[in-house]
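Q: below: sequence and its predicted model.
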Amino acid sequence: MNQFKEDLNRELQSVSFSKEKKQLIATKAKAKLHSQKKRTNRQYRFVLTTFTIFAIGFGYLLWQQADFLNSPQTEPLDKNIGAIQAVLEHEFNAPNEEVIHIVNGLSSGAESGPLSSEYYSYLEDTYGPYFTDSGYEKFVATGLALMFHLEADQSNYRINVTKIDVEQNKETPTNYHFTVYINHEKIDGAKMKLEIPGIAILREGKIEKITYLIDGELWREMKESE
Amino acid sequence: MKVGELVEGIEEIIAEHGDYLLRVAYLYVENSATAEDIVQDVFIAFYEKRNQYRGEASLKTYLVKMTVNRSHDYLRSWKNKRIMLFEKIKGRSTNHTPERAMLEKVEKQELVDALFTLSINYREVLILYYFQEITTVEIAKLLKCPEATVRTRLQRARKQLEKQIIGYEWGELRRESI
């Protein structure tokens, strides 16, 4: 050891830590490290939670946006087609015993009695959800409503739907062309398959007008059993 | 000591190097309480960032460098400048504590007192060269100044000290001479 160092160490002998002070420093160092670890863990959890929230939020926004972009094209289209299909399925699965029962009640002269209200309730419940107000009025007033049920009942045949094709008109998007594929079974057991074409005009998911393109031959085929 | 052992060995490190670092810090800041605070900060910082110690230098040298840097920070701080200003106005040093007065009675602190008459630049090179026993090259790196500057300061510091303590025996440093 050089003289300078030796002299300084001798003169500074009293400059030293007590045992307690050394222990205190060690304890402080450990405590600080522990708190730092806890802080780091908290920061990690905070970052992870924030990231997760952002990821979920971002995913939700993307999903919403995709939904928004898709909805103007698919949702009304599906609703329009759904309305057409529902009405056609009801019309061409005939005759319906409930319908015949209600209509027979009308025939017995109770147009303004309880049976009459049952009739209008049935029409309202059956077609109301799928037609616009004016469309419903026309459909009922022109006798198109329940027409195939009454025809099938009177002509002694049964028809049931096997398939319905609905296609939107590209030039006039409110118009939908449809074809109803039906099995036709006469009372004597003769069976045939028929296709009923038609056009429906839609307004905001509801039918404004429905037209069956049934020519005389087709109509005759349906009623042949008479 | 291996780095991996440091986690468990902070008490041993403090026991081994604590007093020495305290003296280094004291020689810089001339105040034992401040020196204690500095050394405490050094050990806490070292323990927090112990993985950064690669074992390239000895642990003692590593800790001394931390102590020197923190002592510089303190000497540059507003807190220290405020205290120095206060001492100038009052005309006495806050270093003259009752504790210090007692020590002076018990021990003769001729060399320490002489060192404190030197400016920090000269005092520092003497501390590092003779007390820490590191080379002028290493001192230059530590202080971020040319080695020639270190050598010049060392020569002047010795001369100034010799004025304070006439005929001081420096002893031999085996590694090199200035």
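A: Right, received. Where do you want to start?

Q: please count neighbours and contacts with C-alpha atoms only from this point.
A: Will do.

Q: near chain A, which residues of chain B show up?
A: B:10-11, B:14-15, B:18-20, B:22-23, B:26, B:32, B:36, B:40, B:43-45, B:47-48, B:103, B:107-112, B:130-131, B:169-173 (Cα under 8 Å from any Cα of the partner chain).

Q: out of those residues, which sit inside helices?
A: B:10-11, B:14-15, B:18-20, B:22-23, B:26, B:32, B:36, B:40, B:43-45, B:47-48, B:103, B:110-112 (DSSP state H).

Q: so where's the chain uncertain?
A: No chain in the question, so chain A it is. A:1, A:68-77, A:107-115, A:224-226 (pLDDT under 70).

Q: actually it's chain B I care about, not the one you picked
A: B:1-8, B:88, B:90-108, B:171-178.

Q: domain parsing for it?
A: Chain B breaks down into these domains under automatic domain parsing: B:1-95, B:108-167.

Q: next, format those domains as CSV and append mean neighbour count.
A: Supplementary listing: the domains of chain B in CSV, determined by neighbours: other Cα atoms under 10 Å in any protein chain shown:
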stretch, mean neighbour count
domain B:1-95, 17
domain B:108-167, 17
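
Q: export those to a markdown table and tack on distance to residue A:125?
A: Below are the domains of chain B laid out as a markdown table (distance: least, Cα to Cα, whole Å):
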| stretch | distance to residue A:125 |
| --- | --- |
| domain B:1-95 | 78 |
| domain B:108-167 | 94 |
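
Q: residue A:5 is nearest to which of these?
A: Ranking those by proximity to residue A:5 (Cα to Cα) places domain B:108-167 first, at 4.8 Å.

Q: correct me if wrong: residue B:67 contacts residue B:43.
A: No. Using Cα atoms under 8 Å as the test, residue B:67 is too far from residue B:43 to be in contact (9.3 Å).

Q: let me see the contact set for the residue nearest to the spatial centre of chain B.
A: In chain B, the centroid-proximal residue (Cα atoms, centre = their mean) is residue B:24; its distance is 2.9 Å. Shown in contact with residue B:24 (Cα atoms under 8 Å, 6 or more residues apart in numbering or on different chains): B:64, B:67, B:68, B:127.

Q: in these, find the pair that's most separated.
A: The widest separation within the contacts of residue B:24 (Cα to Cα) is 12.3 Å, between B:67 and B:127.

Q: state the distance from residue B:66 to residue B:45.
A: 9 Å (Cα to Cα, to the nearest Å).

Q: please apply the same query to residue A:207.
A: Distance from residue A:207 to residue B:45, by Cα to Cα: 79 Å.

Q: repeat that for residue A:137.
A: 88 Å.

Q: and for residue A:23, the neighbour number?
A: Residue A:23 has 17 neighbouring residues, counting by other Cα atoms under 10 Å in any protein chain shown.

Q: leaving out chain neighbours, which residue sits closest to it?
A: residue B:11 (6.8 Å; Cα to Cα, 6 or more residues apart in numbering or on different chains).
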